[in-house]
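> got a predicted structure plus its sequence, pasted below:
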Amino acid sequence: MGMFIVIEGIDGAGKSTQAKLLAEWFEERGHEVVLTKEPTDTAFGKLIRKLVLTGGKEGIIDGARISHEAEALLFAADRAEHVAKLIKPSVEAGKIVISDRYFYSSLAYQWARGLDLEWLIDLNRFAIRPDLVILLDLPVKESMKRINGRSIKTEFDKIAELQKRVRENYLKLAERFPEMRIVNALASVEDIHNDIVALVEHELLKK
Ligand SMILES: Nc1ncnc2c1ncn2[C@@H]1O[C@H](COP(=O)(O)OP(=O)(O)OP(=O)(O)O)[C@@H](O)[C@H]1O
Ligand SMILES: [Mg+2]
């Protein structure tokens, strides 16, 4: 059996940066790595990318309003494909799967948008549990600074209030899900990478 590791955190927390560094770290040690992300690049993922999010209001796809529930179902459908077609077979084949976001993102963001947490957890019951979830935690002010230079901005980027709720939700989720570990994402890229490697080595030793 391989290993399934997830990197989570608010927008601009450094997830993609750290996921790539961790993938390289495993590859240098001779492991076969699958670096993946959510939303995925499948048809469902593409539909999600069309979704224009609005502050607590309903999202919009191709000019039509989409309820929060439909949004959650879209993310879950994308994840169902991700788990069945890529994550599960790869882990079973002995590979190291690293996913940039997973169902914890759905819980943190959609809960912040007013949906019921228990319904969201039930909806994602099919999603296999990772061996380790790294939560990159930092104040919203800092993450917003990091992504300020980006040309394409989602509504999520713009709404600091929502991001703050998402950060709080992630921290609450870390109390509930024992696989989640909080890493201080205010540090340098290298220091954060070293913290993540220490956690991974600790997890590997347990097996
Ligand atoms: N530890 C760090 N210190 C300072 N800047 C950082 C750090 N880590 C990443 N960055 C920079 O911050 C920006 C956001 O990083 P990154 O894209 O990895 O975040 P992300 O969590 O994947 O964002 P998103 O949620 O939007 O995908 C990038 O420009 C990156 O180079
Ligand atoms: Mg990213």
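Looks like it came in fine. Ligands and ions are numbered 1, 2, ... in the order given.
> for L186, which non-adjacent residue is spatially closest?
Distances taken as CB to CB, 6 or more residues apart in numbering place L138 nearest to L186, at 4.9 Å, with adjacent residues excluded. Every residue, glycine included, has its C-beta placed from N, CA and C.
> which ones are touching that neighbour?
9-10, 13-14, 184-186 (CB atoms under 8 Å, 6 or more residues apart in numbering).
> can you do 6 Å?
Going by CB atoms under 6 Å, 6 or more residues apart in numbering, L138 touches 13, 185-186.
> what do you get for R129?
Contacts of R129 (CB under 6 Å, 6+ apart): none.
> what score does it have for pLDDT?
We note a pLDDT of 97 for R129 in this prediction.
> neighbour count and pLDDT for the contacts of L138 - can I get that in JSON lines?
Shown next, in JSON lines, are those (neighbours: other CB atoms under 10 Å; pLDDT from 0 to 100):
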{"residue": "A13", "neighbour count": "27", "pLDDT": "96"}
{"residue": "A185", "neighbour count": "26", "pLDDT": "98"}
{"residue": "L186", "neighbour count": "15", "pLDDT": "97"}
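> how near is the residue nearest to L186 to ligand 1?
Noted for L138: a distance of 8 Å to ligand 1, by CB to the nearest ligand atom, to the nearest Å.
> ramachandran coordinates for that residue?
phi -160, psi 160 (degrees, to the nearest 10).
> quick one: name the residues of the chain near ligand 2.
15-16 (CB under 5 Å from the ion).
> who in the chain is up against ligand 1?
Applying CB under 6 Å from any ligand atom, we find that the chain lies next to ligand 1 at 9, 11-17, 146-147, 188-189, 192.
> nearest to ligand 2, of those?
Using CB to the ion, S16 comes nearest to ligand 2 of the residues of the chain next to ligand 1, at 3.2 Å.
> the closest one: what's it in contact with?
D100.
> name the SS class of it, please.
On the three-state scheme (DSSP: H, G, I helix; E, B strand; the rest coil), S16 is labelled helix.
> what's the end-to-end length of stretch 85-94?
15 Å (CA to CA, to the nearest Å).
> quick check: pLDDT value at I61.
pLDDT at I61 comes out at 79.
> I'd guessed it sits against L51; true?
Yes. The pair I61 / L51 is scored as a contact, 5.4 Å apart, by CB atoms under 6 Å.
> for those two, indicate the residue with more neighbours.
Between I61 and L51, counted using other CB atoms under 10 Å, L51 has the larger neighbour count: 19 against 16.
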